[in-house]
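1. A structural model of the following input is requested.
(2 chains)
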There are 2 protein chains.
Amino acid sequence: MTNYSSNRKLYFGAGPASLPEEVLQEAAAAVVNFNNTGLSILEIPHRGKQFIAVLEEANALVKELCGLNDNHEVLWMQGGGRLQFCMIPMNFLNQEKTAGYIDSGHWAHEAAKAAAYYGNTQIIASSKTENYNQLPLLPESIDPSLAYLHFTTNNTIYGTQWTTEPKTSVPLIADMSSDFLSCQRNFSDYGMFYACAQKNIGPAGVTLVVVRKDFLEKGNSNLPEMLSYAQHVKQQSLLNTPPVFAVYVSLLMLRWTKRQSLAFLENTNNEKATLLYTELERNSLFTPNIINENHRSKMNVCFKAINETAEKGFLAFSKNKDVEGIEGHRSAGGFRVSLYNAVTLAAVKKLIAFLQEYEQVYLKQ
Amino acid sequence: MTNYSSNRKLYFGAGPASLPEEVLQEAAAAVVNFNNTGLSILEIPHRGKQFIAVLEEANALVKELCGLNDNHEVLWMQGGGRLQFCMIPMNFLNQEKTAGYIDSGHWAHEAAKAAAYYGNTQIIASSKTENYNQLPLLPESIDPSLAYLHFTTNNTIYGTQWTTEPKTSVPLIADMSSDFLSCQRNFSDYGMFYACAQKNIGPAGVTLVVVRKDFLEKGNSNLPEMLSYAQHVKQQSLLNTPPVFAVYVSLLMLRWTKRQSLAFLENTNNEKATLLYTELERNSLFTPNIINENHRSKMNVCFKAINETAEKGFLAFSKNKDVEGIEGHRSAGGFRVSLYNAVTLAAVKKLIAFLQEYEQVYLKQ
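-> Next up is the predicted model:
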C-alpha cells in the first residue's frame, strides 16, 4: 500500500483524539479505493453488501470486546452524546416515572438538563459545588422506582472517572464517551450505554449506542422514527443513510483494539496514567487537579502549574518539542493530557521527560 | 502529492454519490496529514483555528454560491434529513398554527409524518395516488396563515423535480438533499432549506442547514439545546463536536463547485439529463418512468425495461463494463441513474453508448 507522508506529532488532544497511524493509513487508502471496489468508502451504497459487512463486523466486535450476547443491540447513530441526552428521556421516561441523574461533571449535567424537558428528573448526587474536582458521594440507597439511572463514566473536562457501577436495581444508562473500551466494565449489566466515537473508537461523526432488548421493549413507542431507538434497532442502523466513513474508521479501530486486546490496553492505560500522575506529584512545578487518587481519570489527566510563568513556559517549551493538545478545557484552564488508547506508553514517557527537562530549565532561570 | 491508486468505476449511485477524484485524493491525504499540521483531519481539535477556518470558508462558499447575504445563517449538522423532519416542527410549529406539506414522494411524505407528532399538519397537495410518478398539482391559493410550507425540491426515489418554488407568502422550507447546488434557485426566498451532503456536496454524515434570521427569531425557544436551531446558530455549528471530516470534504466539494461554477454545472446537468432521457425515449428496450417532461428530475433518471430479460440483461451487461449503482430504489424497482454534479458528461455518454450497444445485442438474440 502507498503510504502518505505523516510527520506525526505527539498528540494528547481530548477529542477528536489521536488515532493509530496504521488506522489512518488504511482509512486514507479507502477514501480513494475501498476494498478494491473501484469506489471510495465515501461513495459505496449504504445498503450494499460491502457496507452491510462493515456494519455486521463492527457490531460483532463491539459485542465480543464487551462480552455481550444477543440480549443487547448495537447501533451506530449520529448527533453525538447530546442527541442521546434528548433521546434517552424521550424513549425511557414517562409521566408516571422519574429519571435519576448523577451530576459528576459538565456533560453529566447537560444530560440531566436535556432530560428535564421531557419529564421528572432527580439529581441523586452532585459534586457541582466542589467544581467537579471529585466524584459525588452516592446515597446509600437509590429509589428503586426510578425509570433509569444515568451517569457519565469518565468526566473529560474535570478528569474524574468511575471505576465501578452504582449499586442499584434501577436500569443503568451510561455515557461512556470518553472511556469506552479503555477498560473492562460489566457491560452486560447496563440497560443502555453510549459513546461518541471520537475518543477511543473512531472519528467524530458517529455515536455507538448499545441497548438491552428487555429495557428497550419497555420504552415509549409514540415517537417519530428518527428519535426512536426501537426503530433504529428494527432498521439495524439503516433507518437513514449512516455516516459510512465514520462507521468504517470505527471498525478499523475495533479491529485494532482486538489486536491489542482490551486487557493489554487497560494495563497500558493504567501504566500511562500512573507514570504521569506520579511525575505530576513529584515535579515541583505542577500539581494534579484531582486530589483523591481513587477519583482520578486514567483518560484525562488534568493539572495546573504553580504560576502563570510556568504554565505559559511549559506550553511554549512543549510546543517546540512537537507536543500538541495539552491545554485544559476552556472552562477549566491549566493542562489536560488525554491518554486515550491510541496514545502510546512511549509518547507518555516522552512527555514526562519534557516535564522533567522543563523543570530544570525553569529552576535555572 | 502521493496519489493512491483508484481504478475508478462508472458510478451512478443515488447517494452516497460519486465524488470527483481530485476531491477524494485531497481528502485521503488529509486523513494522514491535514494541511501539514502533523495531525490527521480526524484528530484536529474542532475548536482549534484550523477547523474554525474550514467552517468559516465552507459557510462563506455556501453563501456565495447561493447568492445569500447575512440574513441567512449556515449550519453543519448531523442526523440527515430525517432529524430535520423532527426539528422543523419542534422549532417552527406551535399550538396556534398548522404546517403545510407538499407530498411529492417518499421523503416528502416522511417529513409530514414526523411533523404530525408535534402539531397540526395539512397536506396541501399530493401525488401519492399516482405512485408519485408526477408532481402534485398545487392549489391556486395557499392558506397564508400556515406556520410554514415544506416541500422537497427533488424526489430521489421517483425521479421528479420542482424547478420553481410554490407561489405563497408562507415561509418556505425545502429539503434540497438531492439537488442542492445542481442548479440555481431563489435561495434567498427560503425561510429555511437543508440538504444532507451525500449527493452533490459531500459524504454521508453531515447535513447543511440554511435558515433566515427573521424566520428563526419567530421559532420556539423551549427546547433542549441540541434540538434548537437558534442554539446551533449561537454556537456556530460547534454546540457539540461536529463531524469534522464530513464538513471538510464538503468544503473540498464547495471549492470544486466554485471552480466549475454553478452556471456551468447547471448547464452540464441539463445536457446530461437531456441526452439520457432522449436516448431512453429512442431506445426500443427502455422507457422513462416520468412521462411529463416538465416533471422529470435532472438528478435521478428513473426508467424501466420492456421486460425482465432486458432488465436483467442490461444490468449484467453494464456491470461487465464497470458500470455501478444503476439499480432502482428497492421500493420502485427498474433503473435509476443519478446524475449528480460529480458525474461527468463523458460518463453519461459512455452509459448511453452501452444502452445502445445492449439494444443491438438484445435485438440480435
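2. can you pull the contacts of A:L262?
-> By C-beta atoms under 8 Å, 6 or more residues apart in numbering or on different chains, the contact set of A:L262 is A:65, A:181, A:183-184. No exception for glycine: its C-beta is placed from N, CA and C like everyone else's.
3. now swap in A:L137 and tell me
-> Going by C-beta under 8 Å, 6+ apart, A:L137 touches A:A125.
4. buried subset of the contacts of A:L262?
-> A:65, A:181, A:183 (16 or more other C-beta atoms under 10 Å in any protein chain shown).
5. quick one: residues contacting the second one.
-> A:L181 makes contact with A:65, A:200-201, A:257, A:262, A:265, A:341, according to C-beta under 8 Å, 6+ apart.
6. at 7 Å instead, please
-> A:65, A:200-201, A:257, A:262, A:341 (C-beta atoms under 7 Å, 6 or more residues apart in numbering or on different chains).
7. now swap in A:Q231 and tell me
-> Counting by C-beta under 7 Å, 6+ apart, A:Q231 makes contact with A:225, A:239.
8. separation between it and B:N131?
-> Going from A:Q231 to B:N131 by C-beta to C-beta, to the nearest Å gives 25 Å.
9. A:Q50 too?
-> 30 Å.
10. okay, these two: which has more neighbours?
-> Ranked by neighbour count (other C-beta atoms under 10 Å in any protein chain shown), A:Q50 and B:N131 place A:Q50 first, with 16 against 11.
11. save the contacts of A:L262 as CSV, and put in secondary structure too.
-> Converted to CSV, the contacts of A:L262 look like this (DSSP: H, G, I helix; E, B strand; the rest coil):
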residue, secondary structure
A:L65, helix
A:L181, coil
A:C183, coil
A:Q184, coil
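12. and the residues you listed, which is closest to B:E308?
-> For these, the residue nearest B:E308 by C-beta to C-beta is A:L65; the value is 45.5 Å.
13. ok, the closest one touching A:K258?
-> Yes: counting by C-beta atoms under 7 Å, A:L65 does reach A:K258; the two are 6.5 Å apart.
14. show me where chain A has helices.
-> With helices called from DSSP state H, chain A shows them at A:21-32, A:49-66, A:80-92, A:106-115, A:213-217, A:229-234, A:244-260, A:262-282, A:308-320, A:345-364.
15. and for the shortest one, what are the contacting residues?
-> Helix A:213-217 is touched from outside by A:71, A:73, A:171, A:191-192, A:229-230, A:233, with contacts defined as C-beta under 7 Å, 6+ apart.
16. what about it, distance to the chain center?
-> The chain centre lies 24 Å from the centre of helix A:213-217; the measure is C-alpha atoms, centre = their mean, to the nearest Å.
17. check the second one too.
-> Taking the mean of its C-alpha atoms, helix A:49-66 sits 19 Å from the chain's own mean (C-alpha atoms, centre = their mean).
18. can you give me the buried ones in it?
-> Of all the residues in helix A:49-66, those buried under the rule 16+ other C-beta under 10 Å are A:50-51, A:54-55, A:58-59, A:61-63, A:65-66.
19. the residues you listed: which two are farthest apart?
-> So, the buried residues of helix A:49-66 by C-beta to C-beta: farthest apart are A:Q50 and A:C66, at 25.2 Å.
20. got the domain ranges for chain A?
-> Chain A breaks down into these domains under automatic domain parsing: A:24-260, A:262-364.
21. just these: most buried one?
-> domain A:24-260 (a mean of 21; mean count of other C-beta atoms under 10 Å in any protein chain shown).
22. show me what contacts the residue nearest the centre of chain A?
-> Geometric centre of chain A, nearest residue: A:S178, 2.0 Å, by C-alpha atoms, centre = their mean. Residues counted as contacts of A:S178 (C-beta under 7 Å, 6+ apart) are A:15, A:154, A:156, A:199, A:299-300.
23. look up how far A:G15 lies from it.
-> Distance of A:S178 to A:G15, computed by C-beta to C-beta: 7 Å.
24. so how far is B:A204 from A:V343?
-> Counting by C-beta to C-beta - A:V343 and B:A204 are separated by 29 Å.
25. flag every residue of the stretch 201-350 of chain A that's near chain B.
-> Selection of the stretch 201-350 of chain A residues close to chain B by C-beta under 7 Å from any C-beta of the partner chain yields A:203-205, A:224, A:226-227, A:239-246, A:249, A:322, A:324-325.
26. the domains of chain A into TSV, with extra columns for mean pLDDT?
-> Below are these laid out as TSV (pLDDT from 0 to 100):
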stretch	mean pLDDT
domain A:24-260	97
domain A:262-364	96
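27. same list (these) but as CSV, adding distance to B:E308.
-> Formatted as CSV, the domains of chain A follow (distance: least, C-beta to C-beta, whole Å):
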stretch, distance to B:E308
domain A:24-260, 22
domain A:262-364, 51
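28. go through the ones you listed and name the closest to B:L285.
-> Closest approach to B:L285 among the domains of chain A (C-beta to C-beta): domain A:24-260, 24.6 Å.
29. how far does that closest one sit from the chain's center?
-> 9 Å.
30. ditto for stretch A:311-326
-> So, by C-alpha atoms, centre = their mean, the centroid of stretch A:311-326 is 25 Å from its chain's centroid.
31. and if you look at stretch A:278-285?
-> Per C-alpha atoms, centre = their mean, the centroid offset for stretch A:278-285 relative to its chain is 27 Å.
32. just the C-alpha atoms of it, please, in PDB.
-> Extracted in PDB, the C-alpha atoms of stretch A:278-285 (Å, rounded to 0.1, in the frame of the first residue of the first chain):
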ATOM      1  CA  THR A 278       3.500  10.200  39.800                       C
ATOM      2  CA  GLU A 279       5.500  12.700  37.800                       C
ATOM      3  CA  LEU A 280       3.000  15.400  38.500                       C
ATOM      4  CA  GLU A 281       3.200  14.800  42.200                       C
ATOM      5  CA  ARG A 282       7.000  14.700  42.200                       C
ATOM      6  CA  ASN A 283       7.500  17.700  39.800                       C
ATOM      7  CA  SER A 284       7.900  21.000  41.800                       C
ATOM      8  CA  LEU A 285       6.100  23.000  39.000                       C
END
